[in-house]
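Asks: Return a 3D structure for these sequence lines:
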Amino acid sequence: MNPTFDDPSIAAIYRYLTGAAEPPRTRQRPTPANMPQRIQRPRSAADIARAEGLDLGDMTRRPRSERRSGPLPPRRSALRVVMDHLLEAGCPRQEAAELAGRWLQADPSAEGVRRWMDTIGAHRPDVALQLRLHNLGIDDLDVPVDGTPARRRLRDGEPIGQVIAALLTLRQPPA
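Replies: Below you'll find the model as predicted:
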């Protein structure tokens, strides 16, 4: 539903802003001139500045990338590397894809994920995420809690909340 305006100049501004053209007069067939115009969206901030007549100076120039000599080394995505580690650990392909995504939420680097998997097991990305959320790292799992390293407690099935609480308690200075 289009609003109606008493002032023809306001109606013209509204039609311009919405891309609508003047409707055909009664008993007249619509022509292409009556159809809404497509407005091309600007591709970048520099295009917007140009359209608005703004001078952004050097900000509109794209920096030149520095050229390297020689070919670039082949790189595999972290997701692919983590999936390969999970497949080596015996995960089915579908489960490996889902687990790899969860592992990369816990640690964005493939090497970090590999260390976490070696420490707490390949099927426990949520444990790593919980530890990271409490600012605990892989090295913190070497700390003995009541004589047993935290990593051993996790591998033996102790709830993650208890292990985190014990590690955070050991971290606090004595009162």
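
Asks: Tell me the buried residues in the biggest helix by length in the chain?
Replies: Taking DSSP state H as the criterion, the chain has its longest helix at helix 93-106. For helix 93-106, the neighbour count (16 or more other CB atoms under 10 Å) marks 96, 99-100, 103-104, 106 as buried. Where C-beta positions appear, they are placed from N, C-alpha and C, glycine not excepted.

Asks: And for stretch 141-150?
Replies: 141, 145, 150.

Asks: what does stretch 155-175 give?
Replies: 160, 163-164, 166-167.

Asks: now that stretch: mean pLDDT?
Replies: The predicted model assigns stretch 155-175 a mean pLDDT of 86.

Asks: export stretch 42-55 as CSV, just CAs?
Replies: The C-alpha trace of stretch 42-55 is given here as CSV (Å, rounded to 0.1, in the frame of the first residue of the first chain):
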residue,chain,number,x,y,z
PRO,A,42,27.3,0.4,-5.1
ARG,A,43,30.0,-2.2,-4.9
SER,A,44,32.2,-0.5,-2.4
ALA,A,45,32.6,2.4,-0.1
ALA,A,46,34.6,4.2,-2.8
ASP,A,47,31.6,3.9,-5.2
ILE,A,48,29.3,5.4,-2.6
ALA,A,49,31.7,8.3,-2.0
ARG,A,50,31.9,8.9,-5.7
ALA,A,51,28.1,8.9,-6.1
GLU,A,52,27.7,11.3,-3.2
GLY,A,53,30.5,13.6,-4.4
LEU,A,54,32.7,13.0,-1.4
ASP,A,55,36.5,13.2,-1.6
